[in-house]
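# Generate coordinates for the sequence data below:
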Amino acid sequence: MLFEPLYAYYRTLGARGRAVLFQLPLSTTMLLVVVLTMVLHPELDVGGPFLYSLGIHVLLLGACSLVPWGCLPERAVLIIPVLDCIAVGISRAAADQYLTVLGFLLVFPVVWLAADRRRTGVILAILATILSAVLPPVILGTGFDGPDFIRIVLLPVILGAIALTAHGIASALSLQRQQLEAQGCKVRDLLIASEDRERLLSSVMDTVSVGVCALDANGQAVLANHQFSSRFGGTVTGRQLTDEPPGFLVYGPDRQQPLPPERRPGFRAARGESFTDELIWADNGTSQRAYSATCRLILGSRGEHRGAVMAFTDVTALVEALSAKDQFVSSVSHELRTPLTSILGYLDLALDEENVDPEVELYLTVAKRNAERLLHLVGDLLTVAAGALTIEPRHADLAEVVRHSIEAAEPKAKADGITLDLLAHGTATGYFDPERLRQAIDNLISNAIKYTPRGGTVTIEVTATGNELLCKVTDTGVGMNDEELDQAFTRFFRAANAHSSTIPGAGLGLAITRSIIENHRGRITLSSTPGQGTTAAMALPAGDADAASMVAG
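Coordinates of the predicted model:
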């Protein structure tokens, strides 16, 4: 953009300044040509008419600088280049033969006229050229000769072509300039909008109570809100900051072992690892806080890793509340187990007495059944509060475990008018804890019976593949909707139809079942359709190698 400074200066000028700027090249060149010719040819004979013509150029330059063109119509200034053409013609006609080159100076006023945005400027340029050839012989009284007639024809043709070319170039440059200015306006608007969005984003990020940090592909923080910077610094990213307090550490869920730098969220995010709601503890002592860390990757148009965004939510109060709840449940369950065991013992003694009145025996049997149910509930509560299960795997047949569960559930199913079907395709031997799996399958069958109306069917299917043992429990019961399925494994959750139909239960069966399956390195899924039934499908690793890793875990 070589002429950008000149164009910027031109735009700062007023109408008079622009007129002088257009006139100066002609006046300066005229003076320079005359001086050089007089130096090179001292014998040059310059008559009075030529000097008068030079005076016309001086007057025109003065008019450019003195006339208030801004108060006149915009195109009034074009009278100056028209008069320039006549003045150049007079100077050329009145000069010595050595100054015939002055005719070339017609290019300056012609270009000035042609640079006008309207096409009439080209017509004015051609007319001014004709006048520059016709008027001088009339004004000077020299008459017309052969060269004058040729000049009258050729000058308009040549300079008209120059005028057309200049007009085309000026129009193209003007259009390009308008497009650049429009583009510049758009860029400025986009820049302003971008700055507004950046301020909005910063305000939003600093308003939320979650610590947010964006990383580039190299793991360097490019954006962080105030909550992140003030609470974490470089600790979670694995990079020690100069202003980080001494002894500030990041621990895993156990709150005991500090996380090595490569296991901190920032390093994992930089490696392209995505994670959700991972519990970490920051700092130590009484100021230690629990945070739930989540990371989502930023991918390019071709799927390449471009960075990541991490979010850290303070869950200290929630973790402490859950811990307090588990401690409370555990304490209450332990306190209840002892008197319940005693009650069951005395009920057994009472039932063993001879000559017990049948009505009293019925009462004692009902009391024993409910006490046993309450003791079973206490056991479930203790299992949930412990948070971990003891697994003692050994070689066993899953089909046999399922048969025992069905035999135990058969009386309850008959009493409720429900059919139990077993589909076992041969044996399903593996390496697992049969007692724990019996507990899990009992829970699934018990749930299926409770939520299936009279006349329904519960089907239990057991199969073995090369690497897995599979068990499906399918009922024709009330089913669950999507929202209930999402919360089915949550402790103490019960579906709405369970409450409305007063189906007994504490909402712990599925949570315990999943814990048992996951401790076997297996998986369990639920699928259901409201009004049509539910299917619980569990899969266990069948190999000894998997079981060995399970025991080690």
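# C-alpha only now, for contacts and for neighbours.
Will do.
# residues touching residue 437, list them.
401, 516-517 (C-alpha atoms under 8 Å, 6 or more residues apart in numbering).
# ok, and the most crowded of these?
Neighbour counts for the contacts of residue 437 (other C-alpha atoms under 10 Å) peak at residue 516, which has 23 neighbours.
# State the three-state secondary structure for residue 297.
strand (DSSP: H, G, I helix; E, B strand; the rest coil).
# one step back: out of the contacts of residue 437, which is nearest to residue 127?
Using C-alpha to C-alpha, residue 517 comes nearest to residue 127 of these, at 100.6 Å.
# Residue 28 versus residue 36, what's the distance?
12 Å (C-alpha to C-alpha, to the nearest Å).
# Adding pLDDT, write the contacts of residue 437 out as CSV.
Supplementary listing: the contacts of residue 437 in CSV, determined by pLDDT from 0 to 100:
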residue, pLDDT
401, 90
516, 84
517, 88
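# could I get those as CSV with secondary structure?
Formatted as CSV, the contacts of residue 437 follow (three-state DSSP):
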residue, secondary structure
401, helix
516, helix
517, helix
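# Rebuild the residues you listed as TSV, extending it with distance to residue 254.
Formatted as TSV, the contacts of residue 437 follow (distance: C-alpha to C-alpha, whole Å):
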residue	distance to residue 254
401	35
516	21
517	22
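# Residue 86: which of those is nearest?
Using C-alpha to C-alpha, residue 517 comes nearest to residue 86 of the contacts of residue 437, at 105.5 Å.
# what's the nearest residue to the closest one if we skip its chain neighbours?
residue 523 (6.0 Å; C-alpha to C-alpha, 6 or more residues apart in numbering).
# Three-state assignment for residue 392, please.
Residue 392 is classified as coil under three-state DSSP.
# Near it, how many other residues are there?
14.
# I'd guessed it sits against residue 516; true?
No - assessed by C-alpha atoms under 8 Å, residue 392 is found out of contact with residue 516, at 11.5 Å.
# thinking again about what came up before, and of the contacts of residue 437, the nearest to residue 89?
The closest of those, once distances to residue 89 are taken by C-alpha to C-alpha, is residue 517, at 107.0 Å.
# Pretty sure that closest one sits against residue 540.
Yes - contact criterion C-alpha under 8 Å: residue 517 and residue 540 qualify, at 7.3 Å.
# list residues touching both of these two?
Shared contacts of residue 517 and residue 540, counting by C-alpha under 8 Å, 6+ apart, come down to residue 523.
# and residue 193, what are its phi and psi?
Residue 193 adopts backbone torsions of phi -60, psi -40, taken as degrees, to the nearest 10.
# follow-up on the earlier one: contacting residues around the residue nearest to residue 517?
Residue 523 touches 514, 517, 538-540, counting by C-alpha under 8 Å, 6+ apart.
# Please, a PyMOL command that selects the buried ones among those?
Command for PyMOL that selects the buried part of the contacts of residue 523, burial taken from 16 or more other C-alpha atoms under 10 Å:
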select buried, resi 514+517+538+539+540
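# how about the strands in the stretch 101-250 of the chain?
For the stretch 101-250 of the chain, the strands defined by DSSP state E, counting those that start in this stretch cover 211-216, 221-224, 250-251.
# If you could redo that for the chain, that was the one I meant.
211-216, 221-224, 250-251, 275-282, 289-299, 305-314, 394-397, 419-424, 429-432, 457-464, 468-475, 523-529, 533-541 (DSSP state E).
# What about the nearest residue to residue 279 once chain neighbours are set aside, how many residues nearby?
Leaving aside its sequence neighbours, residue 279 sits nearest to residue 292 (C-alpha to C-alpha, 6+ apart; 4.8 Å). Counted by other C-alpha under 10 Å, the residues lying close to residue 292 total 17.
# got the contact list for the residue nearest the centre of the chain?
Centroid-nearest residue in the chain, with C-alpha atoms, centre = their mean: residue 298, separated by 7.2 Å. When contacts are counted by C-alpha under 8 Å, 6+ apart, residue 298 is found next to 305-309.
# Quickly list what it is bridged to.
In this entry, residue 298 is beta-bridged to residue 307, by DSSP bridges.
# quick one: it and residue 198, what's the gap?
18 Å.
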